[in-house]
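Engineer: curious how this folds, go ahead:
(one chain, ligands or ions: 2)
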Amino acid sequence: MAKIKMTTPLVEMDGDEMTRILWQLIKDRLILPFVELKTEYYDLGLLSRDKTKDQVTVDAANATRRLGVAVKCATITPNHARMIEFPELTEMWKSPNATIRSILDGTVFRTPITISCIKPVVKTWLEPITIARHAYGDVYKAAEMRTDEPGECTMTFKGASGAEKTVTVQKVKGPAVWQGMHNTEDSIRSFAKSCFKYALDLKQDLWFSTKDTISKIYDGQFKTIFDEVFENYKQDFEKLGIKYFYTLIDDAVARVMRSKGGFIWALKNYDGDVMSDMISTAFGSLAMMTSVLVSPDGIYEYEAAHGTVTQHYYKYLKGEKTATNPMATIFAWTGALRKRGELDGLPDLMTFADKLEAACFNTLDSGKMPKELAALTGDGFNATMVNTEEFIGEIASRI
Ligand code: NAP
Ligand code: MG
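Structural biologist: Ligands and ions are numbered 1, 2, ... in the order given. Presented below is the predicted three-dimensional model:
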């Protein structure tokens, strides 16, 4: 069989631990036999980041800007425990995802992979719900303090022009806690653009929710900017018959629980953090959640939502078989290959992505699945637990 040809390379970002093992297995067994794979390879493994003083992460992000589509393996974000585990590290490097996000200025979209033998906790959900989380500012870049006497707190903005603006936050009679947070209109606008573009891409309705009845200026400005940006996309939405729908966050929560799914739910940073864990758990498992970073100018970086699955890696190093679920990582590859095919006009590459996903679903439907998924199937479903390599082998035999 002739292999499927590519024209533009994908940016390939390799990573760490168990997901790095999965990465190689997926390439060797599921992609390279069928596709003449073209990638620009960047090793984002922890020690390679250290050796290059994290330049490799910046280079990978810039390559993504240039080539338009990337696929990324999960990576370790070093913390104090990792500094002890890897004494050769010269610095506690920042999260690669944060570095890439700041260079691509993107929004993260997370969608559960749903399968018929695992029913969502919410019975009415028939289609996946995608969370679009704003990834800048608010409580994640806040200044905080505690005070222990009566007094008054004010908030002052000093303009570059020399003009000042001050508001009273509160007068208090005793100990108190305080928080000052911000967002920028540029970032909110990018967020809005990415969301409208992604809704057109998926041909799904876009919901957006904040608490603008209480936070009239802060959340109110999010709503206003979304309304303004939507004007540029309105006609395209009408053409596809999809809707943009704004509602208060508490109303949105109630509606989501009664919905059939099949839409994108855009949320501010904190709301998105909380709701994405709720959505992924209610649909099944973190190992079945895909993630794509989309920049407002239409650049795509695909990855799994989970981490490097460290505990499984330690077992693997001892020579034990693991049952790590490769689904989200495989879907990162299919997402990237399909997008490359779409941008370069390569229908065979897009069809290959569809077929690889179908082979995954087919394997799961046959009952062969990693342990953590088998535990989620309902009564009466006959699941056979397989290890990582066996599972990937089953998928390969079905492509
Ligand atoms: P994790 O790697 O997602 O794993 C947490 C637990 O979830 C695992 O121990 C495992 O549970 C289960 N799990 C996750 N993915 C699975 C899969 N594919 N198949 C089967 N089970 C799966 O999160 P973590 O342990 O908190 O973080 C580990 C490392 O990943 C950290 O160094 C962190 O910095 C990094 N991380 C990277 C990213 C990223 O690159 N995007 C995201 C998050 C975390 P059991 O052990 O019970 O089987
Ligand atoms: Mg979280």
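Engineer: so which residues of the stretch 51-200 of the chain form helices?
Structural biologist: With DSSP state H, counting those that start in this stretch, the ranges of helices along the stretch 51-200 of the chain come out as 55-67, 80-85, 96-104, 185-202.
Engineer: near ligand 1, which residues of the chain are found?
Structural biologist: 74-77, 97, 286-287, 303, 306-311, 324-325, 372 (C-beta under 6 Å from any ligand atom). C-beta: built from backbone N, CA, C; applies to glycine.
Engineer: narrow those to just the buried residues.
Structural biologist: 74-77, 97, 286-287, 303, 306-309, 324-325, 372 (16 or more other C-beta atoms under 10 Å).
Engineer: ok, those vs Asp227, which is closest?
Structural biologist: Asn97 (29.9 Å; C-beta to C-beta).
Engineer: what sits against the closest one?
Structural biologist: Thr75, Thr77 (C-beta atoms under 8 Å, 6 or more residues apart in numbering).
Engineer: could you list the single helix or strand in this protein with the lowest mean pLDDT?
Structural biologist: Within the chain, confidence by mean pLDDT, DSSP states H and E is lowest for helix 371-374 among all helices and strands, at a mean of 86.
Engineer: all strands for the stretch 1-150 of the chain, in order.
Structural biologist: 10-14, 39-43, 69-72, 107-112, 130-133, 143-147 (DSSP state E, counting those that start in this stretch).
Engineer: do the stretch 151-300 of the chain as well
Structural biologist: So, for the stretch 151-300 of the chain - with DSSP E, counting those that start in this stretch - the strands run 151-158, 164-172, 176-180, 206-210, 244-248, 264-267, 289-294, 300-304.
Engineer: now the ones you listed in TSV, with distance to Asp348 and mean pLDDT?
Structural biologist: Shown next, in TSV, are those (distance: least, C-beta to C-beta, whole Å; pLDDT from 0 to 100):
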stretch	distance to Asp348	mean pLDDT
strand 151-158	56	98
strand 164-172	59	97
strand 176-180	53	97
strand 206-210	31	98
strand 244-248	35	98
strand 264-267	29	98
strand 289-294	22	92
strand 300-304	19	96
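Engineer: and for the nearest residue to Thr184 once chain neighbours are set aside, the neighbour number?
Structural biologist: Leaving aside its chain neighbours, Thr184 sits nearest to Gly137 (6.9 Å; criterion: C-beta to C-beta, 6 or more residues apart in numbering). A count of neighbours around Gly137, defined by other C-beta atoms under 10 Å, yields 17.
Engineer: likewise the one 5 residues further on?
Structural biologist: By the measure other C-beta under 10 Å, the count of residues near Ala142 is 12.
Engineer: just the pLDDT for it.
Structural biologist: Ala142 is assigned a pLDDT of 89 by the prediction.
Engineer: Ser102 too?
Structural biologist: 82.
Engineer: any idea how far it lies from Ile395?
Structural biologist: Distance from Ser102 to Ile395, counting by C-beta to C-beta, to the nearest Å: 35 Å.
Engineer: those two: which is more packed in?
Structural biologist: Ile395 (25 against 13).
Engineer: give the buried residues for the host helix or strand of the more buried one.
Structural biologist: Per DSSP states H and E, Ile395 falls inside helix 388-398. When burial is assessed from 16+ other C-beta under 10 Å, helix 388-398 yields the following buried residues: Thr388, Phe391, Ile392, Gly393, Glu394, Ile395, Ala396.
Engineer: same question, stretch 60-70
Structural biologist: Ala60, Ala61, Ala63, Thr64, Leu67, Gly68, Val69, Ala70.
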